[in-house]
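Q: Let me see the structure of the following:
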Amino acid sequence: MLSSLPNILTLSRIAAIPVVVALFFFAGPWPAWTACGLFALACITDWFDGYLARAWQEESVIGKFLDPIADKLLVAAVLMMLVAVDKVDGLAVIPAVIILLREVMVSGLREFLAGLQVGVPVSRLAKWKTAIQMVAIGVLIVGRDGPSGFPTETVGEIGLWIAAALTLITGWDYLRAGLKYMMTPAVKKLPDGHTELRA
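A: As a prediction, this is how the structure comes out:
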């Protein structure tokens, strides 16, 4: 199933990450706008791969595994590079850290619930968070190389703070949904065939 178009789009998103990261090491408008364009294309594939998989009934286990990983790798890599090259600095580092921590937490939660065969649906607010986050990151990639007279960096930082606020809200929603499973006593199988409840 890796050869299906939805999975190819997901893999292309992962393949774009090293190129986008490499462009951060070059100064000037051309590398910044090229990195922004590649990042935007990668974000677009995030919508298309899921849409096509559902429309063509080509949803697969490997696709469901790779899609969220591709998203998190892309966001984490770009946020770290934005901080590394000082396109995100000062207090603006705080929302970047919040977003990264939330991604790690949700990944761990999904892995835990997957072991219990419990799905974690994406809420509408989480979709808005993702959209605002991707736009903000794209604007920050351009940064000081944006149009003259337009407060590119300020707009990007405001978007990042809004995304971080939504990140906290949606992260808590996911955590609260998973807490009832986390607080359920675990069952341990004993050698004699009996079971033991563990808190």
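Q: got a list of contacts for stretch 41-53?
A: With contacts defined as Cβ atoms under 8 Å, 6 or more residues apart in numbering, stretch 41-53 is touched by 4-7, 9-10, 12-13, 16-17, 20, 58-60, 63, 67, 70-71, 74, 134, 138. All C-beta atoms are positioned from the backbone trio N, CA, C, and that covers glycine.
Q: What residues sit buried inside that stretch?
A: Ala42, Cys43, Thr45, Asp46, Asp49, Gly50, Leu52, Ala53 (16 or more other Cβ atoms under 10 Å).
Q: Distance of the nearest residue to Thr170 once chain neighbours are set aside relative to Thr34?
A: Among residues not flanking Thr170 along the chain, Ala126 sits closest, at 4.4 Å (Cβ to Cβ, 6 or more residues apart in numbering). In this view, Ala126 and Thr34 are 29 Å apart by Cβ to Cβ, to the nearest Å.
Q: Take the buried residues of stretch 41-53 and lay them out in TSV including pLDDT and distance to Val85.
A: Shown next, in TSV, are the buried residues of stretch 41-53 (pLDDT from 0 to 100; distance: Cβ to Cβ, whole Å):
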residue	pLDDT	distance to Val85
Ala42	92	19
Cys43	90	20
Thr45	87	25
Asp46	81	24
Asp49	74	29
Gly50	71	31
Leu52	73	34
Ala53	70	35
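Q: between those residues, which is nearest Val142?
A: Checking those against Val142 with Cβ to Cβ, the nearest one is Cys43 at 14.3 Å.
Q: Can you tell me the element the closest one falls in?
A: helix 29-55 (DSSP states H and E).
Q: Toward the C-terminus, what is the element adjacent to that helix?
A: helix 61-84.
Q: who's in contact with the spatially most central residue of the chain?
A: Nearest to the mean C-alpha position of the chain, by Cα atoms, centre = their mean, lies Lys72 at 3.5 Å. Listed by Cβ under 8 Å, 6+ apart, the contact partners of Lys72 are Glu103, Ser107.
Q: Just the pLDDT for it.
A: On the pLDDT scale, Lys72 is placed at 90.
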